[in-house]
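From the sequence below, what's the structure:
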Amino acid sequence: MKILASLVLLTTVSCYGQTYTSYFTGNTTDLDTNGQGGICMMGGASEQDDAMIWFLERANGGDVLVLRASGSDGYNDYMFTDLGVTLNSVETIVCNSAAASDEAYVQQAVQEAEAIWFAGGDQWDYISYWRETAIDTLINENLANGGLVIGGTSAGMAIQGGYYFSAENGTVTSAQALSNPYQNNITVDNTPFLNNPILADVITDTHYDNPDRKGRHVTFMARMIESSPFFAKGIACNEYVAVCIDENGIAKVYGEYPAYEEYCYFIQVNCDNADTGLEPETMQAATNLEWNRQESALIVYKVPGTLTANNSFDLNDWKTGNGGEWQRWWVEDGVLMEDTGVAPDCSASLSENSFVLTAFPNPTSRYLNINSSELLTEYMIYDLSGKIILTDEIYLNNLHIDLNTVEPGQYILEVENESQEKSRLRFNKL
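Numbering: from 1, shown residues only. Predicted coordinates:
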């Protein structure tokens, strides 16, 4: 008979100095369970218990790993005992330097975890310690297998998107960002780190109510447009709010509304402006940001967080929501403005061409033929939420694209020439 060992083990490893400290609670024998996957992100104050229970339950009784770059074992008893969820173990590993990523013990802990939680702290520590290391590789392999649930609070939420504010040069305020979108501290990065496909086009932010970070987050999104896929997106939480995303891409919001004003924000560049332009009108160094677009540059779904998480938003289409309200945001001479809005439509025809581009037949049932006046080097096909459906590097004037694997619907074709100029058009797949 196996006897569950309820242990607290403290292990300190030194290699030219202390590289990591491990705090272990539970059964030291690994238990391999079939996790459910998913993502849980919290706004940065004390943990939201109901959301944490959601996170832990998706480990299906397996092993939970807390990764952090400072602090100690504060999560161990909270996760293992206080919330009433049966787990095999909870281990906190505090990485004291990037060298911890080379330790076999740390790599094994990552590999065996059914759930990984990133604590708060300095996200640049997390990025500089783990990005492009064995730790990063192992986490992403587990994510690709579908069973790993991942999440974090504050800095641990900040690193979850395909784009992220790295804080490499320190933090930045909304006032600083809106008055100078190229301020040195605005380090928006998309070097591959955590591979959460549902968040590939998303940049997150936290502590949205204290202090208010809306203005800097909008500036981050403005900077994303310089290199981003067709539509930039953001997800942000107030301090005591959590958003939990299941394996189907449905985001549920936890909090204590209506007792407190606790919200999660789902922000997207307004695709209804595709004909006239999506990018900021003025974005220059030492100049106030202007991102107006007829007072509707951004469309936002503001969702109250409740104890039962009965309010939700669908990250597959970025327009289907329950329990929230639509807003429109814009920046006028360095000042963020907000008003009521409506769900994005995106049904207007798109014509944004740096050079001549034609596609036929349109609509099409299988193949799309592309003629261009330029030598093309790359094409991308997006759905109307901005998700990349097909992409390839090419060196042709005329393309013949097989759409057999593409579901019926409306799509956007974007092509790029040798001078990195872009042309786009909308087409329909039958």
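
All the helices of the chain, in order from the start?
Remark: helices assigned in the chain by DSSP state H are 49-57, 74-77, 104-112, 123-130, 134-145, 155-158, 174-179, 214-224.

So for Asn27, which of those helices sits nearest?
helix 104-112 (11.9 Å; Cβ to Cβ). (Glycine included, C-beta is placed from N, CA and C.)

between the closest one and helix 134-145, how many degrees?
If you take axes from the mean of the first three to the mean of the last three Cα atoms, to 10 degrees, helix 104-112 sits at 10 degrees to helix 134-145.

in helix 104-112, what's buried?
106-107, 109-110, 112 (16 or more other Cβ atoms under 10 Å).

repeat for stretch 234-241
Quick answer for stretch 234-241 (16+ other Cβ under 10 Å): 234-241.

wait, which of those is closest to Pro408?
Each of the buried residues of stretch 234-241 was scored against Pro408 by Cβ to Cβ, and Ile235 proved nearest at 28.4 Å.

from memory the closest one sits against Cys244, does it?
No: with contact defined as Cβ atoms under 8 Å, Ile235 does not reach Cys244; the gap is 11.7 Å.

Now for those two: what residues contact both?
Counting by Cβ atoms under 8 Å, 6 or more residues apart in numbering, the residues touching both Ile235 and Cys244 are 41, 251.

hey, where'd the strands end up in the stretch 151-300 of the chain?
Along the stretch 151-300 of the chain, the segments classed as strands by DSSP state E, counting those that start in this stretch run 164-165, 188-189, 202-205, 233-237, 242-245, 250-254, 263-269, 298-304.

Distance to Leu396 added to those, as JSON lines?
Listed next are those as JSON lines, based on distance: least, Cβ to Cβ, whole Å:
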{"stretch": "strand 164-165", "distance to Leu396": "35"}
{"stretch": "strand 188-189", "distance to Leu396": "32"}
{"stretch": "strand 202-205", "distance to Leu396": "32"}
{"stretch": "strand 233-237", "distance to Leu396": "31"}
{"stretch": "strand 242-245", "distance to Leu396": "38"}
{"stretch": "strand 250-254", "distance to Leu396": "39"}
{"stretch": "strand 263-269", "distance to Leu396": "30"}
{"stretch": "strand 298-304", "distance to Leu396": "36"}
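
now for the ones you listed, which one comes closest to Gln36?
Closest among the strands of the stretch 151-300 of the chain, using Cβ to Cβ: strand 242-245, at 11.3 Å.

What are the buried residues along stretch 58-78?
58-60, 62-69, 73, 75-76, 78.

which one of those residues sits closest to Leu430?
Leu430 lies nearest to Arg58 out of the buried residues of stretch 58-78, by Cβ to Cβ, at 38.4 Å.

Run through the residues that contact the closest one.
By Cβ under 8 Å, 6+ apart, the neighbours of Arg58 are 35-38, 115, 149.

okay, which residue is most central for this protein?
Closest to where the C-alpha atoms of the chain average out (Cα atoms, centre = their mean) is Gly161, at 2.4 Å.

for that residue, what are its contacts?
So Gly161 contacts 196, 199, 202-204, 235 (Cβ under 8 Å, 6+ apart).

Tell me the one of these nearest Arg293?
Ile203 (19.0 Å).

ok, now how distant is that closest one from Ala69?
Note on Ile203: its distance to Ala69, by Cβ to Cβ, to the nearest Å, is 21 Å.

what's around Thr308, how many residues?
Residues lying near Thr308 (other Cβ atoms under 10 Å) number 8.

Might you report the residue contacts of the nearest residue to it once chain neighbours are set aside?
The shortest distance from Thr308 to any non-neighbouring residue, by Cβ to Cβ, 6 or more residues apart in numbering, is to Asp50 (7.7 Å). Contacts were defined as Cβ under 8 Å, 6+ apart; by that measure Asp50 touches 242, 254, 307-309.

of those, buried ones?
Looks like the contacts of Asp50 have 242, 254, 309 buried, using 16+ other Cβ under 10 Å.

these two touch, right, Leu357 and Asn417?
No: in this structure, Leu357 is not within contact of Asn417 by Cβ under 8 Å, at 9.9 Å.

Need the residues touching each of those two.
Ser372.

more crowded one of these two?
Taking other Cβ under 10 Å, Leu357 and Asn417 do not tie; Leu357 has more neighbours (22 against 19).

what are the bridge partners for the more buried one, then?
Ser372 (DSSP bridges).

Let me see the confidence value for it.
At Leu357, the pLDDT value in this model is 81.

where's it relative to Glu414, distance?
Here the criterion is Cβ to Cβ. By it, Leu357 lies 10 Å from Glu414.

Which residues are in contact with each of the two?
Common neighbours of Leu357 and Glu414 (Cβ under 8 Å, 6+ apart) are 423-424.

Can you get me a residue count around Ser419?
Neighbour tally, Ser419, other Cβ under 10 Å: 11.

Need the phi and psi values for it.
Backbone torsions for Ser419, taken as degrees, to the nearest 10, come to phi -90, psi 10.

For Arg223, which non-adjacent residue is spatially closest?
Val188 (4.5 Å).

beta partners of that neighbour?
Beta-bridge pairing of Val188 under DSSP bridges involves Phe165.

Assess the claim that it and Ile203 are in contact.
Yes: between Val188 and Ile203 there is a contact at 6.9 Å, judged by Cβ under 8 Å.

about what we covered before: relative to Tyr301, which of the buried residues of helix 104-112 is nearest.
Distance to Tyr301 across the buried residues of helix 104-112 (Cβ to Cβ) is lowest for Val110, with 33.9 Å.

Ok, which of the strands of the stretch 151-300 of the chain comes nearest Ala98?
For the strands of the stretch 151-300 of the chain, proximity to Ala98 was assessed by Cβ to Cβ; strand 188-189 is nearest, at 16.8 Å.
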